[in-house]
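Chemist: next comes the sequence, and after it the predicted model I'd like to discuss.
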Amino acid sequence: MERTPLQKILLEFPIGCDIKYNEPLSKHTSFRIGGNAEIMAFPDSREALRNALVWCADQECACRILGAGTNVLAPDAGVSGVTVCLKDALDGMEVLEYGKIRIMSGVTMSRAAVFAANHGLTGMEFAHGIPGTVGGGVYMNAGAYGGEIGGICQSVEVMDRRGNIREISREQMDFSYRHSALEESGDIVVSAVFSLEPGDPEAIRSRMKELMGKRSNSQPLDLPSAGSAFKRPKTGYASKLIDEAGLRGYQVGGAAVSVKHTGFAVNLGGATAEDVKNLLSEVARIVNEKTGIMLEPEIRIW
């Protein structure tokens, strides 16, 4: 395949980034959907991330940030510019003083929760089964089973698009339901400090196992999806509204409302991004017609 103009100047790309051309986004998203990324970069340090961001800014090219891709619907046509993948790239965990831990953004939520448990720290059990990275979890204030990242996050180290690093307090993060201030600023999570409480490691692990059992029993973990398809409305629950609208199993192309959990959109095999978008649009329209409530996608649609 002939190189694009941007790919041809990659000899100037910052050291410290593994580079892949025309990388299928379907390999990096839990939906297993998406065309090729023109360039995908995997930085191995803060410095490599900074250099990549500055390079993209200097080249005036689009730069997207991807974690584990567990809440992303990538377009069928792929994306131009540079996609920076942080999963397993910005890696590292450490125990600080007074029950605090610092976790790098590329660490998965599951690993972070296990790390806390191994050090006898409670408060992060809810995160054990949440797919995705700490960076993505902080960015969208991920939560489950009554817990949210915003409830335990003390501070966040962020980098802006010119590579400048600063620390943001919990108050400045403006956490709310599936939202943080980073959605407006566009800053990138480098690491986060979580404030936890001392606890019994065995009791913590038991609680994590219990929550994972609930997740396995109620969610369609056997099919590609991006987690909850819709945000919780102001009244009621999206899954209940969808079920009551008679949409359990509703299908558009290869995408469908999960039979097991109506809050999930799943890839039955060969689904396209257009299938998923049309499915979400139709479900929202039908629920709105029946209830007057407009559901808002929780999935990030690129």
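Modeler: Yep, it's here. Numbers count the residues shown, from 1 in each chain.
Chemist: buried residues in the worst-scoring helix or strand of the chain on mean pLDDT?
Modeler: Between all helices and strands in the chain, the lowest mean by mean pLDDT, DSSP states H and E belongs to helix 5-8, at a mean of 76. Neighbour counts over helix 5-8 (16 or more other C-beta atoms under 10 Å) mark residue 6 as buried. Where C-beta positions appear, they are placed from N, C-alpha and C, glycine not excepted.
Chemist: just checking, what packs against that helix?
Modeler: strand 36-43, strand 79-85 (3 or more C-beta pairs under 8 Å, 6 or more residues apart in numbering; DSSP states H and E).
Chemist: which residues are contacting the shortest one?
Modeler: This means strand 79-85. Identification of contacts with strand 79-85 by C-beta atoms under 8 Å, 6 or more residues apart in numbering yields 4, 6, 23, 25, 28, 35, 37-43, 49, 52-53, 56, 61-67, 302.
Chemist: in it, which residues are buried?
Modeler: 79, 81, 82, 83, 84, 85.
Chemist: in the stretch 101-250 of the chain, which spans are strands?
Modeler: Under the criterion DSSP state E, counting those that start in this stretch, the stretch 101-250 of the chain contains strands at 121-122, 143-144, 147-148, 153-159, 165-169, 188-195, 197-198, 225-228.
Chemist: Throw the ones you listed into TSV and include mean neighbour count, thanks.
Modeler: Shown next, in TSV, are those (neighbours: other C-beta atoms under 10 Å):
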stretch	mean neighbour count
strand 121-122	20
strand 143-144	18
strand 147-148	18
strand 153-159	21
strand 165-169	14
strand 188-195	23
strand 197-198	10
strand 225-228	22
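Chemist: can you tell which of the ones you listed is closest to residue 243?
Modeler: When those are compared by C-beta to C-beta, strand 225-228 sits nearest residue 243, at 13.9 Å.
Chemist: helices or strands up against the closest one?
Modeler: Going by 3+ C-beta pairs under 8 Å, 6+ apart, strand 225-228 lies up against strand 264-267.
Chemist: the strand it packs on pairs with which strands?
Modeler: strand 225-228 (antiparallel), strand 255-257 (antiparallel) (DSSP bridges).
Chemist: who wins for proximity to residue 263 among those strands?
Modeler: Residue 263 lies closest to strand 225-228 among those, at 5.1 Å (C-beta to C-beta).
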